[in-house]
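# Got a predicted model here, sequence first, then my questions.
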Amino acid sequence: MPWANDRSPVWNATRCFPLDPDPDQVGEPCTVEGSPASGIDSCGLAELCFDVDDAGNGTCVSFCGGSENVPTCPEGQACSLTNEGVLSLCLYACDPLTPSCAEGEGCFPTGNEFVCRPASSDAIATSGMCHLTGGCQPGTACVNPAIVPDCETGCCSAWCDLLSPECPPNTECAPWFEPDGPPEFENLGICASLP
C-alpha cells in the first residue's frame, strides 16, 4: 500500500498492511485509519481509499494494472501516476476542453492523458504559484513559469481551444502537445506569454 512514512499527508513509500476482513469494493464508500496517507483503509486488495474528507471517508479506487511504462485501466479510465510512481490510480479520463468531472474535481494532466482529480479547497486561480497537480483550480494547469507573465515558480494557467482561443491579456493559446501528440487532444492549448 502507498503510505507516508514520515507522518506527512503525502504518499511517499509503499509497504504491506493487513487487509480489511470485509473490504469495500471499487466505487464504494470507504474509510481510512488516521490520515488519508496512513496506508490503512477499508478497501480491498489493489485498491486505495481516495479523495478522503476530514471525517476519514472516501471512495475506493483501483491501482493501475500492467507496468509503469505501459499501465492499464478499465475503459473510460486512465492511469494517474504521481508521487514519483508511489501512487498509481485508475481515475476517470477527461478532456480539459469539455470536462465531465464531478463537482470539486478538475481535469488534470497525467502523462499524455487527463484524469478527474479532486481540486484542493485552497486551489490557486490563474497565475498563482503552484507545486502540485491538484494545486490549481479546475480549468487550469500547473505549468512552467517561463510561459506565465510575472511568475517565479510553477504557476496556474488556463486551458484554451486552439480553434477558438480565449486567453487573458498578454498571453496567447499555445499547443499543449507537440505536433505528434495524441490526436484526440490536437486542439488543446494552454494560455502562454507572448514571445
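Right, received. Where do you want to start?
# What residue spans form the domains of the protein?
Under automatic domain parsing, the residue ranges defining each domain of the chain are 1-70, 71-118, 133-193.
# hey, least reliable of these by pLDDT?
Within the domains of the chain, the least confident segment by mean pLDDT turns out to be domain 133-193, at a mean of 87.
# Does the residue most central in space within the chain belong to a helix, a strand or coil?
To find the centre residue of the chain, average its C-alpha atoms and take the closest one (CA atoms, centre = their mean): that gives Arg117, at 4.4 Å. Here Arg117 is recorded as strand under DSSP: H, G, I helix; E, B strand; the rest coil.
# give me the beta-bridge partners of it?
For Arg117, the beta-bridge partners under DSSP bridges are Gly106.
# How about Cys142?
Each beta-bridge partner of Cys142 is listed here, defined by DSSP bridges: Cys156.
# From Pro168, how far off is it?
Between Cys142 and Pro168 the computed distance is 17 Å (CB to CB, to the nearest Å). Quick note: C-beta positions are derived from backbone N, CA and C, even for glycine.
# More neighbours: which of those two?
Set side by side, Cys142 and Pro168 show more neighbours around Cys142, with 22 against 14, by other CB atoms under 10 Å.
# The more buried one touches Ala119, doesn't it?
No: distance between Cys142 and Ala119: 11.6 Å, which falls outside the contact criterion (CB atoms under 8 Å).
# Quickly list what's touching both of the two.
Applying CB atoms under 8 Å, 6 or more residues apart in numbering, one finds that Cys142 and Ala119 are jointly contacted by Cys136.
# Now do the same contact list for the residue of the chain most remote from its centre.
The centre of the chain is farthest from one residue, Pro21, which by CA atoms, centre = their mean lies 30.0 Å away. Taking CB under 8 Å, 6+ apart, we find Pro21 in contact with no residue.
# How about the contacts made by Pro36?
Contact analysis of Pro36 by CB under 8 Å, 6+ apart lists Pro9, Cys49, Val52, Gly56, Gly58.
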